[in-house]
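Colleague: the following block contains a protein sequence and its predicted model.
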Amino acid sequence: MTRFVLVTVVLLAACSKSKAPREPFKGTLTPKLIMEAKNLVEPFDPWDDAFELLQHKLGTPTRVKQRESGEYYQWGAIDGESCTYFEVGKEDGAKYKKEGTMVGAVQSPMTLDKNGALFNRAECMEIVGKAGPPEDPNAVPPPANGIASPELVMENAVKGRSKWTGKKLTVATVLKGIGGMALTLGDAGLVCVLKETAPADLSAQLGKDIMVEGTVKISTMVSMGGDVSMRPELQPCAIVK
């Protein structure tokens, strides 16, 4: 009987120890640590356990990005001109007939130099805060009434992107250009990306007044030389007049 009780106590102690939370990593996140995160978690893993492990290995996410498919937790680090990042999606298991929140898409860690894949490098530079100029805390915010000129958007949206991103605006100006789903508005060249194909007769409006409604999005672009820049767009947007 004594032996049975002793074994039971030992097993309970072991179980208690295994469930102790892992401390988050507090050091400096490096490209090496990010690359070592490959296969750390996999799709359909329970989210709470997976996220605890990720933070234990990599620390607090560098950025959390909202997409239509869910939240994406991203870790990034830069070394010279090379940028390394890794992301893990968080999804509702009910979408896959599973209980609880789980790991969704997992992108393998990757390092990109100035000649790397443009889209991925742009994403990485955004994560580490090296895309475009530093944000200006004194930048002009979007108008309270939601009515703005192309010039106001182009001059302030990147500088004050945390204030402008996701804001719905009405813009009345001159239609300067049409390119597929994209309209060019005013002399400032604000781009409006339509939700639907432009009407066939819209070319008759070139050089004339137009009114659109759209949501501010800050797009990141990478040149063939690896330089990163940002520009504001209305995406999606719709013609209202």
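Modeller: Arrived safely, thanks for sending. In this text, all values refer to a predicted model and were calculated from it rather than measured experimentally.
Colleague: parallel or antiparallel, which strands does the longest strand belonging to the chain pair with?
Modeller: Ranked by residue count and defined by DSSP state E, the top strand of the chain is strand 209-222. Strand pairing for strand 209-222, determined by DSSP bridges: strand 168-179 (antiparallel), strand 228-239 (antiparallel).
Colleague: between those strands, which gets nearest to L40?
Modeller: Set against L40 and scored by C-beta to C-beta, these come closest in strand 228-239, at 27.8 Å. (Each C-beta comes from the backbone N, C-alpha and C, glycine too.)
Colleague: can you count the residues close to Y85?
Modeller: Per other C-beta atoms under 10 Å, the neighbour tally for Y85 reads 26.
Colleague: find me the pLDDT at the closest residue to N156 other than its chain neighbours, would you?
Modeller: Distances taken as C-beta to C-beta, 6 or more residues apart in numbering put V140 closest to N156, at 4.4 Å, once the chain neighbours are dropped. Per-residue confidence (pLDDT) for V140: 93.
Colleague: phi, psi of V140?
Modeller: V140 adopts backbone torsions of phi -70, psi 130, taken as degrees, to the nearest 10.
Colleague: where in this protein is pLDDT low?
Modeller: Across the chain, the ranges flagged by pLDDT under 70 are 1-19, 222-226.
Colleague: what are the ranges of the helices in it?
Modeller: Using DSSP state H, the helices of the chain run over 2-18, 31-35, 47-58, 118-127, 150-156, 161-164.
Colleague: partner residues bridging G89?
Modeller: Note on G89: beta-bridge partners Y72, judged by DSSP bridges.
Colleague: please renumber the chain so that the first residue is 335 from this point on.
Modeller: Sure thing, new numbering starts at 335, so read that last one as G423.
Colleague: which of the residues in the longest strand of the chain are buried?
Modeller: 544, 546-548, 550-552, 554, 556 (16 or more other C-beta atoms under 10 Å).
Colleague: how about a markdown table for those residues, with distance to L524 added?
Modeller: Converted to a markdown table, the buried residues of strand 543-556 look like this (distance: C-beta to C-beta, whole Å):
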| residue | distance to L524 |
| --- | --- |
| I544 | 12 |
| V546 | 9 |
| E547 | 13 |
| G548 | 9 |
| V550 | 10 |
| K551 | 12 |
| I552 | 12 |
| T554 | 17 |
| V556 | 21 |
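Colleague: closest to A482 out of those?
Modeller: V550 (9.0 Å).
Colleague: great, nothing more from me.
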